[in-house]
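Asks: What follows is a predicted protein model with its sequence.
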Amino acid sequence: MSNPTLKRKSETVLTVSPKAKELFRVIYREQNKPAGQDESPKIRVSELISKMAFYYEKIRNSVDYKEENLHRKNAIERIFKRQVVIEGSLSINEIEPIEVARNILVELIRGGYLPNNSVPEEKVDQVAKVIVKYLKLRKSIITHHRGWLMNSKKNEHLNWIFGIAASELEEILGRGKVDRAIMEHMYEVLKDNIQLPQNAVNAKDKDIQIYISIYRNYLKFDDEMLGQILFNYYNASWKNPTDEEINKIGLNIIALHQAIVDQLNHPLKNKLLKVVKQYTVYFTVLKDVVEEDPVATYEDFAKDPKAFPRRIKQVCERRYGLAKKKLWRAAFRSIIYIFLTKSVFAVLLEVPASAFFNQQISLFSLAINITFPATLLFVIVLFTKLPGDANSAKIVEGVNELVFKEKARTEPIVIREATKRSGAMNFIFKSLYTITMLVSFSFVIWTLLKINFNWVSIIIFLFFLAFVSFFSIRIRRGASELVVTESKESIIIFLLDFFYIPIVQVGKWLSEKFSHLNVFVFVLDFIIEAPFKIFIQFSEEWAKYVKERKDDIV
């Protein structure tokens, strides 16, 4: 019979690693920071007038489907570009960075992206300092590449600069110390453990690829935000550049942009994705566990060793529940986006197109094309499974690896080289993939013909089928982000993938092509937004004036 005392001792020998201790300290300090009495002046806007801007932003984000964590950065880019390109070109005066900075912050507060009466006035100077750099860079690019700007890529690099600038402004508006500590810890863990094959041609880029992969997965950065990280990577002095350095960057902007694009599309990108995604889940759950009660969690390591796994599993269950809610919310947003930007125009097109080509208009097919996108998304979300106990057990192992010295990984994570196929094999696979795509779409067309769809209605249905299939993959990503176990293979899943993935691929292509043809976004950005924001500004100033007159009377 085993000695219970020995068993108890074996459960308490685990030692917390220095990095994990530091994470506990950072979270504890952030939770117990003194409130302080910051008496510095804050930027304040009218609550009543701001409601109009807030609802405008809600509408704007509904017709331009982007991830929620990107809304503020995209708003910054939109405001900055409008003030420089549209309002700046109409003004006879030189663009004043301090005014642009103040307008950006005020509009972000009105739109609900920043809290009212909380942003210090001194933040205007910080934002203006960043704006000055990018205005100088923009001027340098235009000066050095005046002839080149007249070709078909006239605005590509200048628009890219606006995206990079918005990403830097987004960063200075707030990034928590806890997230910085977690990403630093994750980087150290992955840098030490990830191993490439000997003589790998991409070995020199391993560290920077791990770094941007962490930002891509943990903070959900898009390519513009990752591009800003790489921009600083290639230009170490960009935080406080001289005019000469800015001029040099402007001169070499084409090569710099291409180098950053190459890094964003690096061969290691997809190879690192699975590994970094797993560790993102481990660190996210660890953060949740510690934030609940740093002191009690740390003390339980000695008092009750089984408490930590219990806490992890409880957080996992909560995360799964939140993922389900997020899934339905994303589906609802997608339905609104598709309906407003695609369904309306498709239906408006179907009736006149059918009449023009002497095709009989079917109310039955019209009704299906209207209701099909929402119905398909609903069914896909309904049958989306959340992770189970096996996934939670794997997360417990992963979190333990990060926290305890004794559980730390001893074997490297080897990133394998991609399997090289012969030219003949690639040709065979591509041909088979094309045949699969034709078979999939042919079956759908045959089915629609059987229920008396005309060819105009069929084209619209296929468009929605591909488009919604791709969107379903995107909105299910929130639930799949928590999965760290290998998915089980079955003949049914294999056959579904075999015939469904080509349809999704077409949907991705359509999404990329039609994202630039969003009429609603064009109308809002270039016709409505500028005069609307002027009206908001005028209304707020008028409200202040009336209040001053009222105070004079009293």
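Replies: Sure, I can see it.
Asks: Distance of the residue lying closest to V483 once chain neighbours are set aside relative to A165?
Replies: Counting by CB to CB, 6 or more residues apart in numbering, V483 lies nearest to P387, which is 5.3 Å off, once chain neighbours are set aside. C-beta: built from backbone N, CA, C; applies to glycine. For P387, the distance to A165 equals 39 Å [CB to CB, to the nearest Å].
Asks: ditto for E317
Replies: Per CB to CB, E317 is found 41 Å from A165.
Asks: which of these two has more neighbours?
Replies: A165 (25 against 14; other CB atoms under 10 Å).
Asks: quick one: the more buried one and V130 touch, right?
Replies: Yes: taking CB atoms under 8 Å as the definition, A165 is a contact partner of V130 at 6.9 Å.
Asks: got any residues that touch both of the two?
Replies: Here A165 and V130 share no contacting residue, scored by CB atoms under 8 Å, 6 or more residues apart in numbering.
Asks: Show me the helices in the stretch 251-400 of the chain, by range?
Replies: 253-264, 268-292, 294-303, 307-338, 344-356, 363-382, 389-403 (DSSP state H, counting those that start in this stretch).
Asks: So which bits of the longest one are buried?
Replies: Within helix 307-338, the residues that count as buried by 16 or more other CB atoms under 10 Å are 308-309, 311-313, 315-316, 319-320, 323, 326-327, 330-331, 333-335, 337-338.
Asks: How much space separates M52 from I59?
Replies: Here the criterion is CB to CB. By it, M52 lies 11 Å from I59.
Asks: er, L465 actually
Replies: In this view, L465 and I59 are 28 Å apart by CB to CB.
Asks: quick one: which of those two has more around it?
Replies: L465 (20 against 13).
Asks: so which strand or helix has the more buried one?
Replies: helix 455-475 (DSSP states H and E).
Asks: Can you give me the domain assignment for the chain?
Replies: 46-174+232-245+522-540, 280-517 (automatic domain parsing).
Asks: The ones you listed: which one's closest to E22?
Replies: domain 280-517 (11.5 Å; CB to CB).
Asks: Tell me the spacing between the nearest residue to H144 once chain neighbours are set aside and T242.
Replies: Excluding the flanking residues, the one nearest H144 by CB to CB, 6+ apart is L251, at 5.0 Å. As judged by CB to CB, L251 and T242 stand 14 Å apart.
Asks: just to revisit the earlier point, what about the helix holding L465, distance to the chain center?
Replies: Centroid separation for helix 455-475 versus its chain: 23 Å, with CA atoms, centre = their mean, to the nearest Å.
Asks: And stretch 387-403, by the same measure?
Replies: Counting by CA atoms, centre = their mean, stretch 387-403 comes out at 25 Å from the chain centroid.
Asks: Give me the contact list for that stretch.
Replies: If you take CB under 8 Å, 6+ apart as the criterion, stretch 387-403 is touched by 16-17, 19-20, 185, 189, 278-279, 281-283, 285-286, 289, 308-309, 312-313, 316-317, 320, 407-409, 479, 482-485.
Asks: Can you show me the strands along this structure?
Replies: For the chain, the strands defined by DSSP state E cover 194-195, 413-414.
Asks: Quick one: mean pLDDT for the first one?
Replies: The average pLDDT within strand 194-195 is 89.
Asks: Report all helices and strands that it contacts.
Replies: strand 413-414 (3 or more CB pairs under 8 Å, 6 or more residues apart in numbering; DSSP states H and E).
Asks: Show me what the strand it packs on packs onto, helices and strands only.
Replies: With 3+ CB pairs under 8 Å, 6+ apart as the test, strand 413-414 has strand 194-195 packed against it.
Asks: Not counting the strand it packs on itself, show me its contacts.
Replies: With CB under 8 Å, 6+ apart as the test, strand 194-195 has contacts from 206, 210, 272, 275, 412-415.
Asks: Next, the residue nearest to the spatial centre of the chain: phi, psi?
Replies: Most central in the chain under CA atoms, centre = their mean is K220, positioned 4.3 Å from the mean C-alpha point. When read as degrees, to the nearest 10, the backbone of K220 gives phi 60, psi 40.
Asks: With V178 as the reference, measure out to the closest residue to S40 other than its chain neighbours.
Replies: For S40, ignoring the flanking residues on the chain, the nearest one in space by CB to CB, 6+ apart is P120 at 5.0 Å. From P120 across to V178, the span is 21 Å (CB to CB).
Asks: Those two: which has the busier surroundings?
Replies: Set P120 next to V178 and count neighbours by other CB under 10 Å: V178 wins out with 17 against 14.
Asks: Give me the pLDDT value at that one.
Replies: 89.
Asks: so it touches Y28, yeah?
Replies: No: using CB under 8 Å, V178 makes no contact with Y28, being 10.2 Å away.
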